[in-house]
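In: Coordinates for the following, if possible.
(chains A and B)
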Amino acid sequence: MSYLANLGKIFVASAFVNNIVLLQFLGLCSYIGLTDDMHASIGMGYAVTFVTVLAAAVTWIIDRWILIPFNLQPFLQIVSFILVIGSLVGLVEIYIRKMSPHLYKAMGIYLPLIATNCLILGVTFINSLQGFDFVESIVEAIGAAIGYFMAMLILAGIRERLRNSELPDFFKGKAIAYMVSGIVALAFMGFQGMIK
Amino acid sequence: MKKYWRIVWNGITPANPILILAIGLCSVVAVTNSVQNALLMTFVFSFVLIFSEIIISLLRKVIPVDIRVPIFVVVIATFTTIATLLSRAYFNSIYEAIKLYIFLVVVNCIIIGRAEAFSYQNSIVDSIFDGIGMSIGYGWVIIVMAAVREVFGNGTIAGFRVFPASYSPALVMILPPAGFLILGVLVGWLEFTLRKKKVKK
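Out: Sure thing, here's the model as predicted:
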């Protein structure tokens, strides 16, 4: 398989076949917590896309050039990744606030939430476990972020409709959101035949 | 003594981290496809939670307010690393199946949330009891979910056969979607019982 086809396969796998939210369950806190509000889901989607790609690039460099050559990976990987991502998010926040107030308005308030989002750290660990090279890592991160964005939009749309539907009182809110995401996940499992 | 019991009980239902607060969900849905996975996850989670609550509560007078979150994260990450290495050494086959979610204990919102909301303000003994309560609250939910999913999806509990071998399993129960469905049912049920209690009062 050519290199480009391989990249395509990684993208499809991470966006659809192994959708990061619905089938790998990363980033569920924000997925359930923020989809009450369509606007918030979109802002969070942009912010996550941006930071995931950046974090994948930075942690790949750290993993390959520092942790593996010095044999530090088994016991310093978790600490270094989380600290790097935390400070990266802080830097991005400062930069965006100074350079583009408009963008900051759209996604700035969600940036602090991201520092401890499982999705971003999860993607960097997946990259490291799979042994992806630099470009593959970036593609995986883009795919995962698009998968997240897609799942957020789907659930936010459904929940908007659910608000006006007649449900037993105790299922309103989170309980029904879980069950709906179960059904959406079932639908996403239909993509499984796309790659071998 | 009553005070400690109240702290522990608080974690088990009224402020159950998973069902009521709905945080730290990633691992819950992912590892509940078999009881063994759920047990290892509970062990890792309680290890990290209790020890980081102890350390943070010991250091709460030293940690400056402005940079508390990075310090919490470093403490939690240290214990996560220890727990990762421990489970790799002693439970290797289960570890291989769920290692991604064991790594991700470090960003588990429950642990950071408890560090911030409880052990940063309370004494060390209170923090230990809070850690125990939260761990039980987390543990019972994921073990119940895992037991339901494994019985129906595979006919076994923790590897022991419950249903006869002729039982043809409902495969969907150990696949991802059922995790969401069962969590939804559990949350709805708890909401239902809590409401009924309120009406009675």
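
In: what about the worst-scoring helix or strand of chain A on mean pLDDT, near chain B?
Out: Here the helix or strand of chain A ranked lowest by mean pLDDT, DSSP states H and E is helix A:111-114, holding a mean of 73. No. Counting by Cβ under 8 Å from any Cβ of the partner chain, no contacts exist between helix A:111-114 and chain B, the nearest distance being 9.3 Å. For the C-beta atoms, the positions are set from N, CA and C on the backbone; glycine is no exception.

In: Show me which positions of that helix end up buried.
Out: Within helix A:111-114, the residues that qualify as buried are A:Leu111, A:Leu113, A:Ile114, counting by 16 or more other Cβ atoms under 10 Å in any protein chain shown.

In: quick one: contacts of it?
Out: Around helix A:111-114, the neighbours that count as contacts under Cβ atoms under 8 Å, 6 or more residues apart in numbering or on different chains are A:Ser30, A:Met44, A:Ala47, A:Val48, A:Val51, A:Val89, A:Val92, A:Glu93, A:Ile96, A:Ile120.

In: Would you check which pair of the residues you listed lies furthest apart?
Out: Of all pairs drawn from the contacts of helix A:111-114, the greatest distance, 18.7 Å, lies between A:Ser30 and A:Ile96 (Cβ to Cβ).

In: So if I had to pick from these two, which one is more boxed in?
Out: Comparing A:Ser30 with A:Ile96 by neighbour count (other Cβ atoms under 10 Å in any protein chain shown), the higher total belongs to A:Ser30, at 24 against 20.

In: hang on, the more buried one packs against A:Cys118?
Out: No. With contacts defined as Cβ atoms under 8 Å, A:Ser30 does not count as touching A:Cys118, sitting 9.1 Å away.

In: How confident is the prediction for residue 153, by pLDDT?
Out: Using chain A. A:Leu153 carries a pLDDT value of 92.

In: sorry, should have said chain B
Out: pLDDT, read off for B:Gly153, is 84.

In: same question, A:Ala106
Out: As predicted, A:Ala106 sits at a pLDDT of 69.

In: Equivalent analysis for the one 3 residues further on, please.
Out: pLDDT, the model's per-residue confidence, is 67 for A:Ile109.

In: which other residues reach stretch A:159-175?
Out: A:32, A:35-36, A:38, A:176-177, A:179-180, B:22, B:184-185, B:187-188, B:191-192, B:195.

In: A:Ala144 contacts A:Val17, correct?
Out: No. With contact defined as Cβ under 8 Å, A:Ala144 does not reach A:Val17; the gap is 11.8 Å.

In: Show me which of the two is the more surrounded one.
Out: A:Ala144 (32 against 19).

In: and the more buried one, what does it touch?
Out: If a contact means Cβ under 8 Å, 6+ apart, then A:Ala144 has A:Ser14, A:Ala15, A:Ile20, A:Leu26, A:Thr52, A:Leu119, A:Val123, A:Ile126 as its contacts.

In: What segments of chain B are helices?
Out: Counting by DSSP state H, chain B has helices at residues B:2-12, B:25-31, B:35-58, B:68-90, B:92-103, B:109-114, B:124-154, B:176-200.

In: can you check chain A too?
Out: A:3-12, A:28-34, A:38-62, A:73-99, A:101-107, A:111-114, A:118-130, A:134-162, A:174-188.

In: And chain B, is the fourth one touching that?
Out: Yes. Using Cβ under 8 Å from any Cβ, helix A:73-99 comes into contact with chain B via A:Pro74, A:Phe75, A:Leu76, A:Gln77, A:Ile78, A:Val79, A:Ile82, A:Leu83, A:Gly86.

In: Find the residue at the geometric middle of chain B.
Out: The geometric centre of chain B, computed from its C-alpha atoms, lies nearest to B:Tyr138 (Cα atoms, centre = their mean), at 3.3 Å.

In: Quick check: that residue touching B:Cys109?
Out: No. The criterion here is Cβ under 8 Å, and B:Tyr138 misses it with B:Cys109 at 11.7 Å.

In: shared neighbours of these two, which are they?
Out: Applying Cβ under 8 Å, 6+ apart, one finds that B:Tyr138 and B:Cys109 are jointly contacted by B:Gly24.

In: what stretches of chain B score poorly on pLDDT?
Out: B:201 (pLDDT under 70).

In: how deep is residue 48 tucked in, by neighbour count?
Out: Using chain A here. The burial count assigned to A:Val48 is 27, neighbours taken as other Cβ under 10 Å.

In: think we crossed wires, I meant chain B
Out: What B:Val48 shows, counting by other Cβ under 10 Å, is a neighbour count of 28.

In: ditto for B:Glu191
Out: One way to gauge burial is a neighbour count; for B:Glu191, by other Cβ under 10 Å, it gives 20.

In: any idea how far it is from A:Ile32?
Out: B:Glu191 sits 15 Å away from A:Ile32 when distances are taken as Cβ to Cβ, to the nearest Å.

In: And A:Gly190, how close does it get to chain B?
Out: In this structure, A:Gly190 and chain B are separated by 11 Å, where distance is defined by Cβ to the nearest Cβ, to the nearest Å.

In: How many residues are close by that residue?
Out: Using other Cβ under 10 Å, A:Gly190 has 10 neighbouring residues.

In: Need the nearest residue in space to B:Phe43, chain neighbours excluded.
Out: Spatially, and ignoring its direct neighbours in sequence, B:Phe43 is nearest to B:Ser87 (7.3 Å; Cβ to Cβ, 6 or more residues apart in numbering or on different chains).
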